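Peer 1: I'd like to go over a predicted model; first the sequence, then the structure.
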Amino acid sequence: MTQSVAIVLSGGLGLLAWHDLAPPAVVIADAVALGIVSAFSAPAQQAMIPQLVETHEVPTAVALNSMTFNLARAVGPASAALAVEYLGIPAAFGLNALSYLVFIGALLLIGPQAQELADGSVSHLRASVDLLRRRPQLIVFLVIVAAVGFASDPVNTLAPAWAHAFGEKDTTAGYIIGVFGAGAVTAGLVVAGRVGGSRRRMFATLLLLGGGLVVFSLSPWLELALPFLFVAGFGYLASNTHATSRLQLGVDPWERGRIMALWSVAFLGLRPFASILDGAIAAAFGVRVVGIVLALPALGCAVWMAVRARSRGWGPARAELPPA
C-alpha cells in the first residue's frame, strides 16, 4: 500500500512538472507526503527482514540490507543527476515512480513467513513505552542508532562545504560521499559473514566511526583525510548493523514492527534535526567543528561500552531474546 501511494505521489509530481505546474511549494508538499509514507513503510520493511531468514542469519541479513541501502544512497543521487541532465526533470520523477514497482514485485515473489499480530486493544504509543520499560536494554541500542545517525549526517549534508574546507571545488563532494559509502559497503561485506557481536566489537566500531570523523575533520589535506573517512564509514555501518540486529532479535516477532518504528525515529526521524544542527554549527564555527561535535555522541557511546564491559566482561552484548 505504501509503495503504491509513493508511485502516485512521485508519478503525479512528474506529470505536474511536465506541464510546468510544480513550483517549489508543490515540490515541498509532495516531499512531505512522501516522508509520511516512508514513516509507515520503513518500519514494515525493517521488521520484514527476520521473516525472510532463520534467526541466526538475522545479523547477516541486516548487514546486507544496510549495505544495499548505502549503495543506493551513493548511486541514487548520481543516477538522478544523469537522468535530469539527459532526460529532464519530469522523466526523472517518472523513473523514480517506476522504481517502487521493483519493491512491489519483490513482495509478490518472496512470500514472507506468517507473523503473529500484536494485541490491537492496547494503544501503539502505550505498547511502545511498555516495551522499553520491560526491556530497557533496547534503549541502549536505540541511543547507539541515534548517535550513529548523527555522526554520519555531516558527511552527507555538508559535503560541498567539506570540499571547500579542503580547498577543492563543489564536485569533490561526490568523492567525499563516495569514500564514506565505500567504507560502509566494505563493512557490509565483512559483517555479513559474522553472526552475533560483543561489547568489544561494538566499542571498536563506534571508536572507528567517531575517531575516524574527528581525524578527518582535523586533517589539513584531503588526500590525508579520505582514508580516515573510509574508516569512519566502515565503523558507521558496522555499528548500525550490530545495534539494529540486537533490536530485531531482542523482541517477540509481533513486536518487531513496533521496535523498528522506534528505530526509524532514532535513525531517520532525528536526521532533520541533525541537519539543522549541522548548518547552525557550520555557520558559526566552520564545517570542521561540525564533524568533531557530531562525532562526540558516538565516542561517548564507545566510552560507555568500555566502562560497561570492564564491569561485566567483553562478552556478547546481547539483548534479551524471546523464548523459542
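Peer 2: Here it is on my side, so go on. On a predicted model such as this, the values are computed, not experimentally measured, just so you know. Numbering: from 1, shown residues only.
Peer 1: wouldn't Glu255 be in contact with Asp130 here?
Peer 2: No: using CB atoms under 8 Å as the test, Glu255 is too far from Asp130 to be in contact (10.1 Å). Every residue, glycine included, has its C-beta placed from N, CA and C.
Peer 1: These two: who's more crowded?
Peer 2: Looking at Glu255 and Asp130 with other CB atoms under 10 Å, you find the greater number of neighbours at Glu255, namely 19 against 13.
Peer 1: so how far is Val129 from that one?
Peer 2: In this view, Glu255 and Val129 are 13 Å apart by CB to CB, to the nearest Å.
Peer 1: ditto for Met67
Peer 2: As judged by CB to CB, Met67 and Val129 stand 33 Å apart.
Peer 1: the more surrounded of the two?
Peer 2: Met67 (21 against 11).
Peer 1: The more buried one: helix or strand, and which one exactly?
Peer 2: helix 58-87 (DSSP states H and E).
Peer 1: quick one: buried residues of that helix?
Peer 2: For helix 58-87, burial by neighbour count (16 or more other CB atoms under 10 Å) applies to 58-67, 70, 74, 83.
Peer 1: Could you single out the nearest of those to Leu13?
Peer 2: Ala83 (13.9 Å; CB to CB).
Peer 1: Who's the closest spatial neighbour of Leu207, skipping the chain neighbours?
Peer 2: Setting aside the residues directly before and after it, Leu207 is nearest to Ala302 in space (CB to CB, 6 or more residues apart in numbering), at 4.7 Å.
Peer 1: need the contact list for the closest residue to Glu168 other than its chain neighbours.
Peer 2: Nearest in space to Glu168, with sequence neighbours left out and distances taken as CB to CB, 6+ apart, is Leu222 at 6.1 Å. For Leu222, the residues meeting the contact criterion (CB atoms under 8 Å, 6 or more residues apart in numbering) are Phe166, Gly167, Glu168, Thr172.
Peer 1: Next one: the last one from Ile89, what distance?
Peer 2: Counting by CB to CB, the gap between Thr172 and Ile89 amounts to 25 Å.
Peer 1: Got phi/psi on Arg250?
Peer 2: Small correction: residue 250 is Gly, not Arg. Torsion angles at Gly250 (phi, psi; degrees, to the nearest 10) stand at phi -90, psi 10.
Peer 1: Might one say that it is in contact with Gln137?
Peer 2: Yes: between Gly250 and Gln137 there is a contact at 6.9 Å, judged by CB under 8 Å.
Peer 1: Mind checking which of the two has more residues around it?
Peer 2: Here Gly250 and Gln137 are compared on neighbour count by other CB under 10 Å; more neighbours surround Gly250, at 20 against 14.
Peer 1: so what's Leu218 closest to, chain neighbours aside?
Peer 2: Distances taken as CB to CB, 6+ apart put Arg288 closest to Leu218, at 7.0 Å, once the chain neighbours are dropped.
Peer 1: Please identify which helix or strand holds that neighbour.
Peer 2: Using DSSP H and E, Arg288 falls in helix 287-312.
Peer 1: That helix: how far from the chain's middle?
Peer 2: 18 Å (CA atoms, centre = their mean, to the nearest Å).
Peer 1: Stretch 254-266 now?
Peer 2: What separates the centre of stretch 254-266 from the centre of its chain is 14 Å, taken as CA atoms, centre = their mean.
Peer 1: Verify the contact between Gln295 and Leu213 for me.
Peer 2: Rather than Gln, residue 295 is Ala. Yes: with contact defined as CB under 8 Å, Ala295 reaches Leu213; the gap is 4.1 Å.
Peer 1: Could you tell me which residues make contact with Gln3?
Peer 2: Ser41, Tyr100, Leu101, Phe103, Ile104, Leu107.
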